[in-house]
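>>> Build me a model:
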Amino acid sequence: MLEDLVINFSQQSRAAEIQQMIQNKLMNFDLPAHLRQAAIKIALVQNREKPFLTQPMIYTFFGDHGIAEAGLCKRSSMPRIELVRHYLSGSSALNIFSRQNRIELRLVDSGLAFDLNDPKLIQRKIGQGTRNFSQDQAMSQLQLERCLKSGRDLIRTRRNQASNTVGIGIQSVGSEFAALMLLCRLGGLAPETCLQDHPAFSPTDFPWILKKFRSVLNASGPVQSPLIELQNFGGLEMATALGAILQACHQRCIVLVDGLVGSCLAWLATLLFPACALPIIIAQNSPSFADTFLAEQLKTEPLTQFNSYVSDGSGIALSFPLIQAACSFLNESTAYGLQSGAS
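Alright, predicted model coming up:
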């Protein structure tokens, strides 16, 4: 399933030289920590002191979760099919920010519970949503394998292979609940800690959501491998997105993720292949405990923070100019002691 993946950035020939060059440049200007970190990541992935971003792309994966039937997940006031059409019409924040920053946006149906024929929606449907994981496994092993392959194939065969920057977004109802379940299971966190202060849940709903969450958690049995946990609790769109993240890392792309769900999938990628931590940048998350924990696990700071549970990729499109600025700084600034007129 993933046997052919090779993700290893430890053999770059110029890593020490690049780090020293960057440090010399930073002595002239104290670049904010999150931008400094992003610039260093990009330079090390590309093994060059003057990194560049070419033809960025965002893949946003759509799906539906059976757990949403339990009423535990925050929904838009817009009917689900109309929400997807909103993206297809080009009117969402994701569409607008992507156009503004000249990012190619690709919308992918990995597991919507309904069929929607539109040429702007890439058809990679693995199933009509997942099963309710409070009652059964979210997906079968075959579905998981097909999702991972589908995500990898999207990156392998993307139209413009010149792109070296891939953003991953998730648009589904239930993915945040699934991500928090994976976080509790694989991160060993108590549910009340994991769910606290997260914008996906209102304070008034928190007591009964926590009760239901504990009930599902207690009935889940021993913790298993990351992929089996994803099979048990994740969404079809989440598994497809994980395949895309892994393939993008394999192809030495910069990988941008958005929000709780994107950060959780990035973390799963690093549990499978620790070297994935280098090319992954969190574009946006919230200041909640869960999002902060994931950023710490990934050893990275988000480019931006909002009190939002959105993970659709709009945070990537909005934050993209920041990493462009970080690259421009490395490309155009002069190392300390080499400025014009320096003795």
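>>> From here on, just use CA atoms for contacts and neighbour counts.
Will do.
>>> need the strands for the stretch 201-343 of the chain, in chain order.
254-258, 280-285, 304-305 (DSSP state E, counting those that start in this stretch).
>>> Adding mean pLDDT and distance to residue 132, write those strands out as TSV.
Shown next, in TSV, are the strands of the stretch 201-343 of the chain (pLDDT from 0 to 100; distance: least, C-alpha to C-alpha, whole Å):
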stretch	mean pLDDT	distance to residue 132
strand 254-258	97	25
strand 280-285	96	26
strand 304-305	94	31
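>>> Just send the ones you listed back as JSON lines, with mean neighbour count and distance to residue 120 too.
Listed next are the strands of the stretch 201-343 of the chain as JSON lines, based on neighbours: other C-alpha atoms under 10 Å; distance: least, C-alpha to C-alpha, whole Å:
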{"stretch": "strand 254-258", "mean neighbour count": "29", "distance to residue 120": "22"}
{"stretch": "strand 280-285", "mean neighbour count": "30", "distance to residue 120": "25"}
{"stretch": "strand 304-305", "mean neighbour count": "18", "distance to residue 120": "29"}
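>>> number of nearby residues for residue 275?
Residue 275 is flanked by 18 other residues according to other C-alpha atoms under 10 Å.
>>> Next, the contact list for it, please.
7, 8, 9 (C-alpha atoms under 8 Å, 6 or more residues apart in numbering).
>>> The first one: what's it in contact with?
By C-alpha under 8 Å, 6+ apart, the contact set of residue 7 is 249, 250, 273, 275, 276.
>>> what about the third one, how many neighbours?
When you say that, I think you mean residue 273. 16.
>>> Tell me how far the residue lying closest to it once chain neighbours are set aside lies from residue 194.
Take residue 273 and drop its neighbours on the chain: the residue closest to it by C-alpha to C-alpha, 6 or more residues apart in numbering is residue 7, 6.8 Å away. To residue 194, residue 7 is 30 Å away according to C-alpha to C-alpha, to the nearest Å.
>>> Also residue 165?
31 Å.
>>> Pull up the per-residue confidence for residue 215.
Residue 215 carries a pLDDT value of 89.
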